[in-house]
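1. Based on what follows, work out the 3D shape:
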Amino acid sequence: MSIAPSLAALLAVSWQPEIRGWIVFFLSVIIFVGSVYLIAGTNLGARLAFLVVFAGLFGWLATMSAIWWTYGIGLKGRESTWLPAEPASIVRDGGLLHQADIVSRAVPTTGDTVADAAAVASALEVEGWIRLAESDPRRGQAVASSDAILQNEAEEFAAGDYVSVAVFDRGGDRYPKINESLDFVAFFHTPHYSLVEVAPVVPQRLEPGRAPARPTIDETQPRRYVYMIRDRGTKRQPAMLITLGSTLIFLASCWALHRRDLTLRANLGEQLPAKA
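-> Numbering: from 1, shown residues only. Presented below is the predicted three-dimensional model:
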């Protein structure tokens, strides 16, 4: 038994968010914009009412999108995130950091994992890297991104096979700045890098009914370093484009209304010839 066409259409609207979204959009335009145009048309006429409603619509769009652009809300683009950096995103020995252009000189290693990690940290601080505190929210973001690279992209470790020991940060300064408190014109940034130091842990045997043991760092294996660069995303780009485009259309509509007023004023000022 076949389903009636009307019932099939109803099910399509109920289960397809794309169709439902387009229907809501068109109904909103017809009801809200069309009702305003209908009311304005009864007083101004079809052509003048269209120009007035058209200018008002894009003026409202410009105002709304400017608020979106300012606060980063509404229609948003791609969020900022950490991406694997070049030429190597995972360095498996601290003595190889200079080959990935993370430090300018090679870090001497002795084979002692703890001493080598301390030497790497000292070399990074000399090169301008800042070690983030445990309470710094930037540390958590970098660790989460490095986990995704290690577990999903590179498949270097599985979850629970390592711990993040330290996070180093460099770059990301904004410019130009008038001073430290006036930076609203600082639209440009220097490249922002993050380096996450991870250490393998000793395999633990899980016993049913007992909490897992506290992870213990395996000092026989070298530390790994996840090298990432910040992608600032395009969070405000859609709102910016809508603001600029709506503003141009709004100004063009206002200019058309102004020209119409000038033409009307000139025509009314002309003296018409008297009828015979």
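2. Contacts only, for Leu48.
-> Contacts were defined as CB atoms under 8 Å, 6 or more residues apart in numbering; by that measure Leu48 touches Arg260. Just so you know, the C-beta spots here come from the backbone N, C-alpha and C atoms, and that holds for glycine as well.
3. hmm, I was thinking of Leu257
-> 51-52, 55.
4. part of a strand, is it?
-> No. Under DSSP: H, G, I helix; E, B strand; the rest coil, Leu257 falls outside any strand and is assigned helix.
5. and the gap between it and Leu48?
-> 8 Å (CB to CB, to the nearest Å).
6. Over whichever strand or helix holds Ser146, what's the mean pLDDT, rounded is fine.
-> Using DSSP states H and E, Ser146 sits within helix 137-148. Averaged over helix 137-148, pLDDT sits at 93.
7. Could you tell me how far that helix lies from the centre of the chain?
-> 16 Å (CA atoms, centre = their mean, to the nearest Å).
8. If we ignore the residues flanking it in sequence, what's nearest His192?
-> Using CB to CB, 6 or more residues apart in numbering and skipping residues adjacent in sequence, the residue nearest His192 is Gly172, 3.1 Å away.
9. what are the phi and psi angles of the closest residue to Trp129 other than its chain neighbours?
-> Nearest residue to Trp129, sequence neighbours excluded (CB to CB, 6+ apart): Phe168, at 4.1 Å. Taking degrees, to the nearest 10, you get phi -110, psi 140 for the backbone angles of Phe168.
10. swap in Leu132?
-> Torsion angles at Leu132 (phi, psi; degrees, to the nearest 10) stand at phi -80, psi 140.
11. quick one: contacts for it?
-> By CB under 8 Å, 6+ apart, Leu132 lies in contact with 138-139, 142, 166-169.
12. Find the residue closest to Gly128 in space, skipping its chain neighbours.
-> In this structure, Gly128 finds its nearest non-sequential neighbour in Arg170, 5.6 Å apart by CB to CB, 6+ apart.
13. The one you found - how many residues pack around it?
-> For Arg170, the neighbour count with other CB atoms under 10 Å is 17.
14. do Ser246 as well
-> 20.
15. So what sits opposite His192 in the bridge?
-> Gly171 (DSSP bridges).
16. so the residue nearest to Gly128 touches Tyr227, yeah?
-> No. Using CB atoms under 8 Å, Arg170 is not in contact with Tyr227, being 10.7 Å away.
17. shared neighbours of those two, anything?
-> 193-195.
18. Same list (these) but as JSON lines, adding pLDDT, neighbour count and distance to Met240.
-> As requested, those are exported to JSON lines (pLDDT from 0 to 100; neighbours: other CB atoms under 10 Å; distance: CB to CB, whole Å):
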{"residue": "Tyr193", "pLDDT": "96", "neighbour count": "18", "distance to Met240": "26"}
{"residue": "Ser194", "pLDDT": "96", "neighbour count": "26", "distance to Met240": "27"}
{"residue": "Leu195", "pLDDT": "96", "neighbour count": "25", "distance to Met240": "32"}
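19. Which of those sits closest to Met64?
-> Nearest to Met64 among the shared contacts of Arg170 and Tyr227: Ser194, at 35.4 Å, using CB to CB.
20. Go over the secondary structure and confirm that closest one is in a helix.
-> No. Per three-state DSSP, Ser194 lies outside any helix segment and is strand.
21. that older thread, from the contacts of Leu132, which two are the most distant?
-> Using CB to CB, the two most remote members of those are Arg138 and Ala166, lying 12.8 Å apart.
22. Looking at these two, which has the bigger crowd around it?
-> Ala166 (19 against 16).
23. Let me know the helix or strand that that one is in.
-> Short version, using DSSP H and E: Ala166 is in strand 162-171.
24. cool, and Met228?
-> strand 224-231.
25. before we move on, what about Pro203?
-> Using DSSP H and E, Pro203 falls within no helix or strand.
26. who's in contact with the nearest residue to it once chain neighbours are set aside?
-> Once flanking residues are discounted, Pro203 sits nearest to Asp161: 7.8 Å by CB to CB, 6+ apart. Contact partners of Asp161, counting by CB under 8 Å, 6+ apart, are 200-201, 203.
27. Can you mark which positions in the helix or strand that contains Leu251 are buried?
-> Assigned by DSSP H and E, Leu251 falls within helix 237-269. By 16 or more other CB atoms under 10 Å, the buried positions in helix 237-269 come out as 238-240, 242-243, 246-247, 249-250, 253.
28. I appreciate the help and will end here.
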